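K.L.:
I'll drop the sequence and a predicted model, then ask my questions.
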Amino acid sequence: MSYTNKNFPELKNDRLLRAALGKEVDKVPVWVMRQAGRYLPEFQEVRAKHDFFTVCRTPELACEVTLQPLRRFEHLDASIIFSDILVIPQALGMIVEMHPGKGPVFPKPLTSPTEINQLQEEGAVSRLTYVGDAITLTRHKIEGKVPLIGFTGAPFTLMGYMIEGGGSQTMSKTKEWIEKYPKDVHKLLSLLTRVIIDYLVMQVHSGAQLLQVFESSADHLTKEQFAELSAPYLKQIREGVRTKIDEKNIEQVPMTVFAKGGGHSLDVQAQLGYETIGLDWTVDPIEARKIVGENITLQGNLDPQDLYKSKEEVKDLTINMVKKFGKFRYIANLGHGITPATPIESMTAFTEAVHEAI
Ligand SMILES: Cc1c2[nH]c(c1CCC(=O)O)Cc1[nH]c(c(CCC(=O)O)c1C)Cc1[nH]c(c(CCC(=O)O)c1C)Cc1[nH]c(c(C)c1CCC(=O)O)C2
């Protein structure tokens, strides 16, 4: 298989891209964060045979897992490339392991600001070529059925994992760095921003048709901290990607920012230049629309926990949500990733209800 052939099959379902760009749609587009994941037995089967990061690094496996939800759920309007936000710290030279039942673990997290100098920024994106290859292969195999989304973690979220050494309830070490070493924190956020921009441009060059930036740890930030530690870098990323895509003479793609727990800063998010803002389930759709105005698409935001309710309840809640958002500039999704014990029937009920709602 050649990863250089960018002559992709024609896109047949462009609802997602139309909604992201504020064009009219026949139905509300729907996809689900973590739609390729452990709630699917066919995903578990692949994972039983291969380590998590081996799946990420093997284009054929990443492609297979990306396509799995599309085979099962006929209503899905997008796919998202199978990978992880933590491939960036790996490309910078850090070790990241995925421990079953525990999540990501960094055996050697950053313990002092001097270690920032040991991160291997040079060549980092070239060590992520496998993600580009997975994207190119998937664009061919998907046969234009739906668009393919590329993604990255945002600088603050990645910095948190690199300092904490994994997921953290409190992010106390990161908060200590913010107080003790503010200059070094900004130096690290800037380094990550540069790598992220080139990484996203590489994804577009490889075939990604929309990009989502996950600021999953925004729930640890106050509005003031979001404005200082997250927003400026998110803005640099949006602007940097736009500029570099123009320089390369490739087609621009819409971008989504998803700041989980960032509902207090929707006004700030609306100024970052992203076409779409992802909302977690704590945000009221009508309030969000009032804050961001008419020129931005909203994405979200059913509580993933609602998928444990009966099929009828899932359907009612979904229809109710879609009606609140309306058909204009809206992409239906959950308010965070689907959880591993979610019944498959709920996913069917959710995606079906979105298309039937209005
Ligand atoms: C914070 C974060 C990570 N990874 C990601 C985020 C941002 C989104 C979010 O806030 O959830 C992003 C991510 N991770 C994964 C995707 C794949 C694409 C998709 O289907 O959405 C995406 C978009 C696969 C994955 N990434 C992970 C899994 C499950 C691990 C496994 O298969 O063993 C999958 C399918 C592991 C992972 N990776 C990460 C954590 C915290 C975990 C453990 C939590 C968990 O187990 O669900 C880091």
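P.N.:
That came through, no problem. Residues are numbered from 1 along each chain as shown.
K.L.:
what parts of the chain come near the ligand?
P.N.:
Listed as neighbours of the ligand in the chain under the rule Cβ under 6 Å from any ligand atom: 33-38, 47, 52, 80, 82, 84-86, 98, 100, 103-104, 151, 167, 214, 216, 260, 337. Where C-beta positions appear, they are placed from N, C-alpha and C, glycine not excepted.
K.L.:
got a ChimeraX select line for the buried ones in these?
P.N.:
Selection command for ChimeraX covering only the buried members of the residues of the chain next to the ligand, criterion 16 or more other Cβ atoms under 10 Å:
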select :33,34,35,36,37,47,52,80,82,84,85,86,98,104,151,214,216,260,337
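K.L.:
strands - which of the residues of the chain next to the ligand land there?
P.N.:
When DSSP state E defines the strands, the subset of the residues of the chain next to the ligand inside them is 80, 98, 103, 104, 151, 214.
K.L.:
the second one: what's its closest spatial neighbour, skipping adjacent residues?
P.N.:
Leaving aside its sequence neighbours, residue 98 sits nearest to residue 52 (Cβ to Cβ, 6 or more residues apart in numbering; 3.8 Å).
K.L.:
what about the one you found, distance to residue 41?
P.N.:
Remark: distance between residue 52 and residue 41 (Cβ to Cβ, to the nearest Å) = 17 Å.
K.L.:
one more: residue 128?
P.N.:
From residue 128 to residue 41 the distance is 29 Å (Cβ to Cβ).
K.L.:
between these two, which one's more packed in?
P.N.:
Counted by other Cβ atoms under 10 Å, residue 128 and residue 41 do not tie: residue 128 has more neighbours, with 23 against 10.
K.L.:
just the pLDDT at that one, thanks.
P.N.:
Listed pLDDT for residue 128 reads 98.
K.L.:
contacts only, for it.
P.N.:
87, 88, 91, 199, 202 (Cβ atoms under 8 Å, 6 or more residues apart in numbering).
K.L.:
apply 10 Å and report the result again.
P.N.:
Residues near residue 128 by Cβ atoms under 10 Å, 6 or more residues apart in numbering: 56-57, 83, 87-88, 90-91, 152, 195, 198-199, 202-203.
K.L.:
just checking, it is part of a helix?
P.N.:
Yes: assignment of residue 128 by DSSP: H, G, I helix; E, B strand; the rest coil places it within a helix.
K.L.:
list the contacts of the closest residue to the ligand within the stretch 51-200 of the chain.
P.N.:
Closest contact between the stretch 51-200 of the chain and the ligand, by Cβ to the nearest ligand atom, is at residue 103 (3.3 Å). The contact partners of residue 103, by Cβ under 10 Å, 6+ apart, come to 86, 97, 161, 166, 167.
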